[in-house]
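Student: Structural data only, the sequence is not supplied:
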């Protein structure tokens, strides 16, 4: 073997144990005791986990005429410094462009820039329904997951969702859903503005949890009707958790993710940071935050991703009212540290929700696990190191963090991407462009050969 990581405490969803990890040709070759190789990397007193997998990221993305602060280079640097070695972003078609052309164009943007490995979800907007027969080709090209918005001006109504879900079921794809009730949101925003209520806290008031739950229920019902696997993005409230748990109990192939901002913050953040933490769905009340933490621990939510969509403080503060603030926050680098420090979080559950389950659900068959045949994406953590998060020690291309002031214990020390050290002693040592596009297949087994 080319490299053996020795003496570390390996963390997997199944347990925590002392073991060596042998690496050959960028993959894990063996996990056991007394392994030998040409080089050794000592991990005594350290935790060794799979590389993090963030399946919900927006880099080099335009929102309402503004470009996100992170491109593929800066965002991926922050990702690996936080222990995330693979991310999934999004593709949207332009007028006259096929889905495959859009996928290839987006892939070319990331290649040569991204330090982390990467892949994409295809977005289905109303004009794309005219070319819904292209879905099968996109699945075959290694992009089997398709995002659907139930909010904003490009949202899909239930009939359009039905059309898309049927096409995905036939092609072997999965539906990803941003679930909100856009009609209710628009009416509440209009009433707030008419009354002169423009404070950022009104962003939360105009997006009631009950109607996030109602929208999620509609999406789950459509998935059940069509036999389509479904994944609910950025769950913020118990109203969605209950519907998701009920659907899964009926045998529906369904998953739910939440995000660090919903697990670690509550509505107080609008009083403290004004428009900066505006994102959709919104950060909610303390009781919702605590309910989400419990749902994650008991398995009613299965994944923690970030919905990383960063804007500078200047970009976030140009609007006169809450409804015009670009939505999104930076979280890509902080995610794994924050989740590790949640109340009641165990080491195996931490790895499961941040690495193993997101990789499995999204068809990243060689990611998220420490077992022979998987890519040698590994993070060596100093479990005793302490850090107080803030823009001064985070690397997203922004001048603020919603998590500033939160103390964490346990920080990434060394990060390997397919056996190559990309972070050493907490510092980036890799050049841009080493990340590789990941073709994905749903339903595969971890570590399988291509």
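Tutor: Nice, thanks for sending it over. Quick caveat, the model's predicted, so the values are computed rather than measured. Residues are numbered from 1 along each chain as shown.
Student: pull the helix or strand with minimum mean pLDDT from this structure.
Tutor: Every helix and strand of the chain was ranked by mean pLDDT, DSSP states H and E. The lowest is strand 62-63, at a mean of 84.
Student: if we look at it, which residues are touching it?
Tutor: 68, 309, 311, 326, 327, 328 (C-beta atoms under 8 Å, 6 or more residues apart in numbering). Where C-beta positions appear, they are placed from N, C-alpha and C, glycine not excepted.
Student: State the helix or strand in which the fifth one lies.
Tutor: So the one you mean is residue 327. Using DSSP states H and E, residue 327 sits within no helix or strand.
Student: In the stretch 51-200 of the chain, mark out all the strands, start to finish.
Tutor: Applying DSSP state E, counting those that start in this stretch to the stretch 51-200 of the chain gives strands spanning 52-54, 62-63, 66-67, 84-91, 117-124, 145-149, 174-178.
Student: ranking those by burial, who's on top?
Tutor: Most buried of those, by mean neighbour count (mean count of other C-beta atoms under 10 Å): strand 52-54, with a mean of 29.
Student: just checking, what packs against that one?
Tutor: Contact analysis of strand 52-54 by 3 or more C-beta pairs under 8 Å, 6 or more residues apart in numbering; DSSP states H and E lists strand 84-91, helix 335-340, helix 357-361 as its packing neighbours.
Student: Now with 7 Å, please.
Tutor: strand 84-91, helix 335-340 (3 or more C-beta pairs under 7 Å, 6 or more residues apart in numbering; DSSP states H and E).
Student: so where is the stretch 301-450 of the chain shaky, pLDDT-wise?
Tutor: Applying pLDDT under 70 to the stretch 301-450 of the chain flags the ranges 444-450.
Student: quick one: which of the strands of the stretch 51-200 of the chain is nearest residue 209?
Tutor: strand 174-178 (15.0 Å; C-beta to C-beta).
Student: so the closest residue to residue 282 other than its chain neighbours is in which element?
Tutor: Of all residues not flanking residue 282 in the chain, residue 204 sits nearest, at 4.3 Å (C-beta to C-beta, 6 or more residues apart in numbering). Here residue 204 sits within helix 201-205, counting by DSSP H and E.
Student: for that helix, what is the average pLDDT?
Tutor: Summarised as a single mean, pLDDT over helix 201-205 is 97.
Student: and that helix, which residues are buried?
Tutor: Along helix 201-205, these residues count as buried under the neighbour rule (16 or more other C-beta atoms under 10 Å): 201, 202, 203, 204.
Student: Just name the closest of the residues you listed to residue 89, please.
Tutor: Taking C-beta to C-beta as the measure, residue 89 sits nearest to residue 203 out of the buried residues of helix 201-205, at 24.6 Å.
Student: In JSON lines: the helices and strands packed on strand 52-54, plus distance to residue 162.
Tutor: JSON lines is the format used below for the helices and strands packed on strand 52-54 (distance: least, C-beta to C-beta, whole Å):
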{"stretch": "strand 84-91", "distance to residue 162": "22"}
{"stretch": "helix 335-340", "distance to residue 162": "34"}
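Student: re the thing from before, quick one: the residue nearest to residue 282 and residue 281 touch, right?
Tutor: No. Residue 204 lies out of contact with residue 281 (C-beta atoms under 7 Å); the separation is 9.1 Å.
Student: returning to what we had before: got the contact list for the helix holding residue 204?
Tutor: Residues from elsewhere that reach helix 201-205 (C-beta atoms under 7 Å, 6 or more residues apart in numbering): 192, 267, 270, 278, 282, 284, 322.
Student: again, but for stretch 82-92
Tutor: 51-59, 79, 102-103, 106, 116-123, 125, 147, 332-337, 362, 364, 367, 377, 379, 412, 415, 417, 438.
Student: want to throw the strands of the stretch 51-200 of the chain into JSON lines with distance to residue 342?
Tutor: Output for the strands of the stretch 51-200 of the chain, formatted as JSON lines (distance: least, C-beta to C-beta, whole Å):
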{"stretch": "strand 52-54", "distance to residue 342": "15"}
{"stretch": "strand 62-63", "distance to residue 342": "29"}
{"stretch": "strand 66-67", "distance to residue 342": "32"}
{"stretch": "strand 84-91", "distance to residue 342": "17"}
{"stretch": "strand 117-124", "distance to residue 342": "26"}
{"stretch": "strand 145-149", "distance to residue 342": "26"}
{"stretch": "strand 174-178", "distance to residue 342": "24"}
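Student: any idea how far residue 133 lies from residue 164?
Tutor: For residue 133, the distance to residue 164 equals 12 Å [C-beta to C-beta, to the nearest Å].
Student: got it, and residue 375?
Tutor: 32 Å.
Student: So for those two, which residue has more residues nearby?
Tutor: Between residue 375 and residue 164, residue 375 has the larger neighbour count (other C-beta atoms under 10 Å), namely 28 against 23.
Student: can you tell me the helix or strand for the nearest residue to the more buried one once chain neighbours are set aside?
Tutor: Nearest residue to residue 375 in three dimensions, chain neighbours excluded: residue 366, at 4.6 Å (C-beta to C-beta, 6+ apart). Following DSSP H and E, there is no helix or strand that holds residue 366.
Student: Once you drop chain neighbours, what's closest to residue 404?
Tutor: With sequence-adjacent residues excluded and distances taken as C-beta to C-beta, 6+ apart, residue 404 is closest to residue 390, at 4.3 Å.
Student: Report whether the one you found is found in a helix, as I expect.
Tutor: No. With DSSP: H, G, I helix; E, B strand; the rest coil as the criterion, residue 390 is assigned coil and is not in a helix.
Student: Measure how buried it is and give me the count.
Tutor: When neighbours are counted by other C-beta under 10 Å, residue 390 comes out with 13.
Student: repeat for residue 112
Tutor: 12.
Student: show me the contacts for it.
Tutor: residue 433.
Student: Try it again at 8 Å.
Tutor: 432, 433.
Student: do residue 55 as well
Tutor: Counting by C-beta under 8 Å, 6+ apart, residue 55 touches 87, 88, 257, 303, 305, 358, 361, 362.
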